[in-house]
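*Asks:* I would like to see how this sequence folds:
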Amino acid sequence: SMETTLVKSPVNLARGVYDSITDLIGNTDNPTPIVILNKRINPHRDFTLGIKLERYNIFGSVKDRVALKMLQESVIKNDQTVLEASSGNTAMALVALGNAMNIPVEVAIPERAPLEKKQLLRLLGVSELWEAEDELCPLYPNEGARGLAKGLAESPAFAGKYVYLNQYENELNVQAHYESTGPEIWNQFEGNIDMFFAGFGTGATITGVGKYLKEKNPDIKIIGIEPASANHSLSGLKRITDLAPEYIPEILDLSLIDEIIEVEENDAYQMGVNLARKTGLLVGPTSGAIIFAALEYGKNHPGIAVAISPDDAFKYTSAYSQYLDRVQG
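*Replies:* Below you'll find the model as predicted:
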């Protein structure tokens with residue numbers, strides 16, 4: 001009988017050949033790129049703004065890092081289903097990774113989440129999509145998608161069925177950014193960075209990156225971005241100011257935050273459109289909010305800054321459409 005020759009894995013033989021899609025989620029060996037904004041968008045001479053494009057993670061957003069960390073490090077038994085509440089990006093990464101790792105995932109999602117995100121979840125064959133009537137980012141713990149997920153997880157009818165990841169209270173979420181996003185930024189700029197801008201969502205990105213950067217250099221300013229009003233359509237962003245303490249995500253460490261800037265929804269979308277038209281960058285409205293705030297701050301704060309762009313424009317084409325007819329320039 002002829003001996004079968006085992007085909008060696010081509011990994012290590014060629015650049016850009018990977019064993020698994022999990023290798024395509026930001027890490028220090030394979031960081032997501034940073035692009036410096038051009039003068040047409042950033043007129044401030046002494047202010048350099050780099051945009052970290054998290055859309056380059058395989059499922060298109062910063063949440064890929066979190067989903068991977070939570071699935072790898074959580075205890076999930078063979079007959080259990082992962083459950084999460086998400087306005088879309090965490091859900092997509094979890095369902096796609098679940099498919100790759102053979103783990104069923106169910107998602108509670110706000111009705112107001114972008115249609116494109118819901119369609120992508122259906123395309124991925126999400127085990128169950130529970131739609132909740134609510135704001136995009138509701139108060140916790142008893143409302144909206146998060147209240148729904150919590151109810152399912154605690155229901156006696158489903159005893160033992162679910163592993164509810166609960167990204168708002170899951171330390172793995174912060175750990176993902178402390179271990180990957182933070183070191184990537186530090187390495188990419190060789191430590192030459194003065195400011196970091198990120199939005200408030202679960203609080204994980206700003207807490208994980210902020211903690212890492214402050215440990216490296218306590219003088220780095222960590223600046224958080226929030227919507228100007230609590231009722232808004234900036235998917236994944238949360239207004240922290242005026243929130244009762246019990247509603248602030250448990251994993252958000254406010255002691256790391258040097259300043260909070262609020263952005264009007266209109267300015268966020270407008271910036272998204274301007275970025276597309278003046279730089280060719282296709283970013284989501286949340287990125288628009290963060291970059292708008294960073295450029296405002298840069299007027300009076302010279303230095304080198306990095307802003308997180310959590311995802312791209314492709315999942316928000318319908319949300320952008322109402323702004324397209326009235327864009328200046």
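*Asks:* ranges for the strands of the chain?
*Replies:* Taking DSSP state E to define them, one finds strands in the chain at 34-36, 47-53, 81-85, 105-110, 128-132, 162-164, 195-199, 221-227, 259-263, 303-309.
*Asks:* Around residue 296, count how many other residues there are.
*Replies:* Neighbour count for residue 296, taken as other CB atoms under 10 Å: 14. C-beta: built from backbone N, CA, C; applies to glycine.
*Asks:* Also the one 3 residues further on?
*Replies:* The criterion is other CB under 10 Å. On that basis, residue 299 has 10 neighbouring residues.
*Asks:* For this structure, which residues score under the pLDDT cut-off?
*Replies:* 1-14, 134-142, 326-329 (pLDDT under 70).
*Asks:* rerun that using 80 as the cut-off
*Replies:* 1-15, 133-143, 325-329 (pLDDT under 80).
*Asks:* Do a quick rundown of the helices in it.
*Replies:* 63-73, 89-101, 115-123, 144-154, 171-176, 182-188, 204-216, 265-279, 285-298, 317-321 (DSSP state H).
*Asks:* For residue 286, list the residues it contacts.
*Replies:* Residue 286 sits next to 199, 234, 235, 236, 237, 268, 310, 311 when contact means CB atoms under 8 Å, 6 or more residues apart in numbering.
*Asks:* quick one, what contacts the closest residue to residue 194 other than its chain neighbours?
*Replies:* Nearest non-adjacent residue to residue 194, counting by CB to CB, 6 or more residues apart in numbering: residue 303, 3.3 Å away. Each residue near residue 303 by CB under 8 Å, 6+ apart is listed here: 46, 47, 48, 194, 195.
*Asks:* From these, list the buried ones, please.
*Replies:* 47, 48, 194, 195 (16 or more other CB atoms under 10 Å).
*Asks:* For the first one, which non-adjacent residue is closest in space?
*Replies:* Beyond its immediate neighbours in the sequence, the residue positioned closest to residue 47 (CB to CB, 6+ apart) is residue 298, lying 3.5 Å away.
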